[in-house]
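Asker: here is a sequence together with a model predicted from it:
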2 protein chains.
Amino acid sequence: MSEIHSLMRKKSSGRAETEALLLAAAESVFAEQGFGGATTAAIAKRAGLPKSNLHYYFPTKEALYRAVLANVLEAWLAAAASFDRAASAEQALTAYIEAKMDLARQFPLASRIFASEIMRGAPLVQDFLETTLKAWLAQREPIIDGWIAAGQLRPLSAKTLIYMIWATTQHYADFAHQIKTLNGGHDLSTREFDAAKRQVVETILGGILIERP
Amino acid sequence: MSEIHSLMRKKSSGRAETEALLLAAAESVFAEQGFGGATTAAIAKRAGLPKSNLHYYFPTKEALYRAVLANVLEAWLAAAASFDRAASAEQALTAYIEAKMDLARQFPLASRIFASEIMRGAPLVQDFLETTLKAWLAQREPIIDGWIAAGQLRPLSAKTLIYMIWATTQHYADFAHQIKTLNGGHDLSTREFDAAKRQVVETILGGILIERP
DNA sequence: GTCTATAATCGGATAGAC
DNA sequence: GTCTATCCGATTATAGAC
């Protein structure tokens, strides 16, 4: 029925597509302006739609923001999985750092929205921090402590190590504009980014691994 | 004349004090909400003053934001100085990392405002990035390259190293809320923070220094 | 589902009494 | 210098035609 109808229109290819369009526009505006600074007018304009359409798909600005946040957290969880399923400390941490670097490069907006949300005091992701994130960290700490006990890593705080990894990798998303400016106005090329990724891995692992005799 | 008058009033101890009060309130609101999300009403309320007083001291919201930013950049430059005046790579980098960690702990709001400004695309600090920051980095890169040539450091990109230091240290300011949540709801104690500082220094230096025979 | 028009409120900034 | 009251454009959200 309405399928035929929508096949006849060139624009608005369907509910799912319009929602995705709005979510993408919202992601970029929220990443730039934060929740408070973003306006539904700016989001609608970036999506090329009238403001009222936005409210048809998402009743309120906060509902739209929540939908964007859900995608952000989903991407985070996907990268988190790469920590596991590795035999040695070196393999597990290398895989995790590389996954987080790739995430920062592929989804910089998601990283910025998360950062902005934390700086606001996490009004909407506090539950995620206290349950999912805290549990993830609590499960990895004994693994890291185990590597220390096994003589693979120098004695250190697992939390502090994880914070270093988060900070260093997310920096490439959150401060991409600063990095671009200091790189002569050009974004890092794939080659430059891969070199940075390698150096980050080597510096952190070099700083914590105990050499095998 | 008006001096006597102001001595008789218990509140509003003078122009400088009122300005400082407003700047402090503005700093905390801008750090939480970003430029766009902050409202002059919220800032005035946090300062305990009517909105109109804010506009008496700072004609526009942007003027107030600029004044806050100036303080932020001033603090940044103070910490930057600790890089220099050290004989060895180990001493210089240790001093710099420690200074940046102390800055993050002492002035977390400044760090968050800077981060938020960069994520917006640096509309007001682009000039600082292109001149002061770029020059600072350009002056330090040959120093780091010199340490590599002298066999003090493993071969690496100086820029990538500096980014790691910025990222890791600023994380303790920008993500303090997340760290607090993952620390059982308590901010890091001085002891915990000092331990983190030590581990950050040891990990980075351990990852880049060449052992002296 | 989409659009124009509009209601209702918020927020930056000002007027003018004190 | 400080305060209350207020203007007016911006912003969220809705109404109602198509």
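Answerer: That came through fine.
Asker: what residues are up against the residue nearest to the spatial centre of chain A?
Answerer: When CA atoms, centre = their mean is applied to chain A, the residue found nearest the centroid is A:Ser111 (3.7 Å). A:Ser111 is in contact with A:103-104, A:170, A:173-174, counting by CB atoms under 8 Å, 6 or more residues apart in numbering or on different chains. Quick note: C-beta positions are derived from backbone N, CA and C, even for glycine.
Asker: out of those residues, who's nearest B:Gly36?
Answerer: A:Asp174 (17.2 Å; CB to CB).
Asker: ok, the closest one - contacts?
Answerer: A:108, A:111-112, A:115, B:115, B:118-119, B:174.
Asker: does the residue nearest to the centre of chain A sit in a helix or strand, and which one?
Answerer: Assessed by DSSP states H and E, A:Ser111 sits inside helix A:108-119.
Asker: and after that helix, which helix or strand comes next?
Answerer: Heading C-terminal from helix A:108-119 (DSSP H and E), you reach helix A:126-128.
Asker: that following helix near chain B at all?
Answerer: Yes: between helix A:126-128 and chain B, judged by CB under 8 Å from any CB of the partner chain, the touching residues are A:Gln126.
Asker: what's the separation between A:Ala195 and B:Pro155?
Answerer: Using CB to CB, to the nearest Å, A:Ala195 is found at 11 Å from B:Pro155.
Asker: of the two, who's got more company?
Answerer: Per other CB atoms under 10 Å in any protein chain shown, whichever of A:Ala195 and B:Pro155 has more neighbours is A:Ala195, with 15 against 10.
Asker: for that one, which non-adjacent residue is closest in space?
Answerer: B:Ser157 (6.6 Å; CB to CB, 6 or more residues apart in numbering or on different chains).
Asker: kindly report the same for A:Ile148.
Answerer: In space, A:Ile148 comes closest to A:Pro155 once its chain neighbours are excluded; the distance is 5.6 Å by CB to CB, 6+ apart.
Asker: so the one you found, which state does it fall into?
Answerer: Following DSSP: H, G, I helix; E, B strand; the rest coil, A:Pro155 is assigned to coil.
Asker: was I right to think it contacts A:Asp145?
Answerer: No: applying CB atoms under 8 Å as the test, A:Pro155 and A:Asp145 come out as separate, 9.5 Å apart.
Asker: report the contact partners of A:Leu182.
Answerer: For A:Leu182, the contact set (CB under 8 Å, 6+ apart) comprises B:129, B:133-134, B:137, B:159.
Asker: so which helix or strand of chain A has the lowest pLDDT on average?
Answerer: Every helix and strand in chain A was compared by mean pLDDT, DSSP states H and E; the lowest is helix A:2-7, with a mean of 43.
Asker: report the angle between the helix holding A:Ser111 and helix B:108-119.
Answerer: For helix A:108-119 against helix B:108-119, the angle by axes from the mean of the first three to the mean of the last three CA atoms, to 10 degrees is 160 degrees.
Asker: go through stretch A:143-159 and flag the buried ones.
Answerer: A:144, A:147-148, A:152-153, A:156-159 (16 or more other CB atoms under 10 Å in any protein chain shown).
Asker: same thing with stretch A:127-138?
Answerer: A:128-129, A:133, A:136-137.
Asker: list the contacts of the lengthiest helix in chain A.
Answerer: Secondary structure of chain A per DSSP state H: the longest helix is helix A:15-37. For helix A:15-37, the external contacting residues (CB under 8 Å, 6+ apart) are A:12, A:38-39, A:42-44, A:46-49, A:53-54, A:57-58, A:61-62, A:64-65, A:67-68, A:71, A:108-110, A:112-113, A:116-117, A:120, B:33-38, B:116, B:119-121.
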